[in-house]
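here's a sequence, model it:
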Amino acid sequence: MADPATATAPRPLKVIAGADPFGAELKDAMVSHLRSLNIEVEDLGTTSYYNIGAEVGRRISSATNDSPAVETRGLLACGTGIGVGMFANKFPGVFAATCLRPEDARNSRSINNCNVLALSGTSTSKETAKEIVDTWLNTPFKSPCPASGTQPWPEEISKFLDESMTEMPKIGTSETTQAESCAICCLVKNRELNPIDIIPGGSMKILRETPTSAIVRFKAGSVEPAHHHTFGHCLVVMEGKKSVWNLTKEEKYDLTVGDYLFTPAGDVHRVKYYEDTEFFIKWDGKWDMFFDEDLETAKAAIEKELANK
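As a prediction, this is how the structure comes out:
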């Protein structure tokens, strides 16, 4: 049961939830629990732990930056609760914590202002998970917790915790830090990428086959005509700026450095590169490409849309 001392803490206005197959049952139970408390929940469903962890992380990061007045938190579950949290934490402003006990949730909220709760679908019962969730909902940042001996934090520690909220999102975001520490960039540093013959301006370095991982580069002004793949793919932009039109879903995504996008298998999509752009891409299976229009048709469609803005 939640600590009565923290029961007056405000509820979050919205929770974005998701899980991998090992955490799906626990996630569904917690979504029902949250809704029983009249908390708005957006359930993103079930997919692989890295896709769902990254998607919830991206959404919470965007909500933190775009709507600071609206509190939005994330709820994730996988087998251990660790993998989903690791992927969510790749995004600035996300403080994901794996909690196996209510005490963990209270500490993570008090010390880290945890805004994404990660649960273990294989180690945590539904009843214990409810206690963890309630504690996580009801514990304010910097409140007394087990780590503070249930006493108020001293002034110097309270100041340190406040400063950590602004300093942590900056870690790893400078150009120098990225250049020195990005493992993906290091994979292709000083290596030649091979031209993609079927698309002018593109080149690619395959890092792994089936499921395929690759580094892809496109020159500024390049266009990928509408096409689709047998397998879904996720990508992260490392350099540059691009737009992706998902023609199947009638949606447009404007992507720049650090942005993540998942495109499901079979979805027809068209791409425009505004700058020299490099990104990491991973297909769920073998890489293939089936065109749904020619290059000139794609260029004309993009020019028309951009001109109508």
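
buried stuff in stretch 252-266?
The neighbour-count check on stretch 252-266 (16 or more other Cβ atoms under 10 Å) flags 253, 255, 257, 259-264 as buried. Every C-beta, even on glycine, is put in place using the N, C-alpha and C of the backbone.

quick one: contacts of the helix or strand where residue 51 lies?
Remark: residue 51 resides in helix 49-66, with elements defined by DSSP states H and E. Identification of contacts with helix 49-66 by Cβ atoms under 8 Å, 6 or more residues apart in numbering yields 14, 16-20, 22-23, 44-47, 70, 72-76, 78-79, 83-94, 96, 115-116, 234, 259-260, 262.

of those, just the buried ones, PyMOL syntax please.
Restricted to buried positions by 16+ other Cβ under 10 Å, the PyMOL selection for the contacts of helix 49-66 reads:
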select buried, resi 14+16+17+18+19+20+22+23+44+46+47+72+73+74+75+76+78+79+83+84+85+86+87+88+89+90+91+92+93+94+96+115+116+234+259+260+262
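
tell me the one among the buried residues of stretch 252-266 nearest to residue 141.
Residue 141 lies nearest to residue 260 out of the buried residues of stretch 252-266, by Cβ to Cβ, at 27.0 Å.

how distant is the helix or strand where residue 302 lies from the center of its chain?
Using DSSP H and E, residue 302 sits within helix 295-307. With Cα atoms, centre = their mean, to the nearest Å as the basis, helix 295-307 stands 30 Å off its chain's centre.

please apply the same query to stretch 265-278.
19 Å.

average pLDDT across that stretch?
For stretch 265-278, mean pLDDT is 95.

what's in contact with it?
Under Cβ under 8 Å, 6+ apart, the answer for stretch 265-278 is 201, 215-232, 237-249, 263, 284, 292-293, 298, 301-302.

would you map out the domains in this structure?
When the chain is parsed with automatic domain parsing, its domains come out as 4-170, 184-307.

just the helices from the protein, written as ranges.
Using DSSP state H, the helices found in the chain span residues 24-36, 49-66, 83-88, 102-112, 126-138, 155-167, 175-181, 183-188, 295-307.

please enumerate residues in contact with the third one?
Which is helix 83-88. For helix 83-88, contacts defined as Cβ under 8 Å, 6+ apart pick out 18-20, 23, 49-50, 52-54, 56-57, 60, 74, 76-78, 94, 96-98, 116, 118.

what's the neighbour count on residue 251?
For residue 251, the count of nearby residues is 11 (other Cβ atoms under 10 Å).

show me the beta-bridge partners of it.
Beta-bridge pairing for residue 251 (DSSP bridges): residue 246.

and it, how far is that from residue 25?
As judged by Cβ to Cβ, to the nearest Å, residue 251 and residue 25 stand 30 Å apart.

please apply the same query to residue 105.
On the measure of Cβ to Cβ, residue 105 and residue 25 end up 20 Å apart.

same drill for these two, tell me which one is more crowded.
Neighbour count, other Cβ under 10 Å: between residue 105 and residue 25, residue 105 has more, with 26 against 14.

touching, the more buried one and residue 99? I think so.
Yes: counting by Cβ atoms under 8 Å, residue 105 touches residue 99, with 4.4 Å between them.

list residues touching both of these two?
Contacts common to residue 105 and residue 99, judged by Cβ under 8 Å, 6+ apart, are 117, 132, 136.

and of those, the nearest to residue 162?
Among the shared contacts of residue 105 and residue 99, and counting by Cβ to Cβ, the member closest to residue 162 is residue 136, at 20.2 Å.

how much space between the residue nearest to that closest one when sequence neighbours are not counted and residue 245?
Once flanking residues are discounted, residue 136 sits nearest to residue 105: 4.1 Å by Cβ to Cβ, 6 or more residues apart in numbering. According to Cβ to Cβ, residue 105 and residue 245 sit 41 Å apart.

next: residue 36.
Residue 36 is 40 Å from residue 245, by Cβ to Cβ.

tell me which of those two has more neighbours.
residue 245 (21 against 9).

pretty sure that one sits against residue 254.
No: taking contacts as Cβ under 8 Å, residue 245 lies outside contact range of residue 254: 10.3 Å.
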